[in-house]
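Trainee: mind looking at a prediction? Sequence and model below.
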Amino acid sequence: MNLREDIKNALKGFGMGAANVIPGVSGGTIALLTGIYSRIINSLDAIMSVGTWKMLLRKDVKGFWKTIDGRFLLALGAGILASVWLLASLMTYVLENYHIQTLAFFFGLILASAAVLLAGIDKWRWSDAAMVAAGLAVGLLVCGRESGGSTPDGLWFIFISGAIAITTMILPGISGSYVLMLMGKYEFIMNAVTELDLVVLGVFAAGCLVGILAFAKFLHWLLAKAERQTILVLIGFVLGSLVGVWPLRGVPEGAPLHIPGAVLWAVIGIAIVAALELGSRKLSKNK
């Protein structure tokens, strides 16, 4: 692997990081579009294998690094971290100063992502509709409260938030940052990144590590054994969760609604997802 490939992988990581900063866009989707999804899953499987860690006990550091595809992960991780750090301040600013327009943008992204997922399901059956309905019910239940509502700021909850959010990074179509928004911790974590709050970020990172170790293999197995049912439930959840980012929800009485701007940004969000989907299809045809 040469420096040029390292740079390419770092740029792909930058795209994944950008996707995970924006609620509604999945880092897993970007990984699929750039052709590195399977490679990431294989690396995670290797990291979570007991046999891989036995290499370190035998002092076979070179073999360990090669088995986990370490150089690839290092370049990818550098791109992800750079992207998150650069975009966190922007997201904090727009949420504070253009809240309705920003939520409208997220709403468009999420709505279009759900539509793309639905379009990918063929030969519908009644059992499929039941799976979607189950996910929809859970989404409405979880997101029925005010978006970004009050949740604990204690480090224990930050740890749990990281553990839950990280699991969505390996699921195409599911946004980790959106999960943070549902848990009321999106802006909190973005502020921590902007202000370099090392305590909060350290606890959040620890939660992410534990979460991916605990759930990644299970999620990988679940998709392998029951991919259709899993995706259908997730689609229903995404649709139900739209209530949590409704742009006009919770607007104080008498406050300007900025309806034209909200509609425009929702359309832009939809257009971005549509462009990504078209790009994915062109890549598939060219292979």
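Mentor: Perfect, thanks for sending it. From a predicted model like this one, the values you see are computed outputs, not experimental measurements.
Trainee: pLDDT score assigned to the residue with the largest distance to the centre of the chain?
Mentor: No residue in the chain sits farther from the centre than Arg58, which is 36.4 Å out by CA atoms, centre = their mean. On the pLDDT scale, Arg58 is placed at 86.
Trainee: same check, this time on the one 5 residues further on
Mentor: Per-residue confidence for Gly63 comes out at a pLDDT of 90.
Trainee: ok, it touching Met55?
Mentor: Yes - applying CB atoms under 8 Å, one finds Gly63 in contact with Met55, separated by 4.9 Å. Using the backbone N, CA and C atoms, a C-beta is placed for each residue, glycine as well.
Trainee: who has more neighbours out of the two?
Mentor: Legend: neighbour count by other CB atoms under 10 Å for Gly63 and Met55, higher for Met55 (18 against 13).
Trainee: pLDDT value on Lys217, please?
Mentor: Per-residue confidence at Lys217 stands at 71 (pLDDT).
Trainee: report how many residues lie close to it.
Mentor: Residue neighbour count, defined by other CB under 10 Å, stands at 15 for Lys217.
Trainee: what distance do you get for it to Thr34?
Mentor: Relative to Thr34, Lys217 is positioned 23 Å away (CB to CB, to the nearest Å).
Trainee: check Val233 too.
Mentor: To Thr34, Val233 is 26 Å away according to CB to CB.
Trainee: more neighbours: which of the two?
Mentor: When Val233 and Thr34 are compared for neighbours, Val233 comes out ahead with 20 against 17, by other CB under 10 Å.
Trainee: got the contact list for the more buried one?
Mentor: 131-132, 134-135, 138 (CB atoms under 8 Å, 6 or more residues apart in numbering).
Trainee: show the buried residues in those.
Mentor: By neighbour count, with 16 or more other CB atoms under 10 Å, the contacts of Val233 hold 131-132, 134-135 as buried.
Trainee: need the residues you listed in JSON lines with distance to Leu86, can you?
Mentor: JSON lines is the format used below for the buried ones among the contacts of Val233 (distance: CB to CB, whole Å):
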{"residue": "Met131", "distance to Leu86": "38"}
{"residue": "Val132", "distance to Leu86": "37"}
{"residue": "Ala134", "distance to Leu86": "39"}
{"residue": "Gly135", "distance to Leu86": "34"}
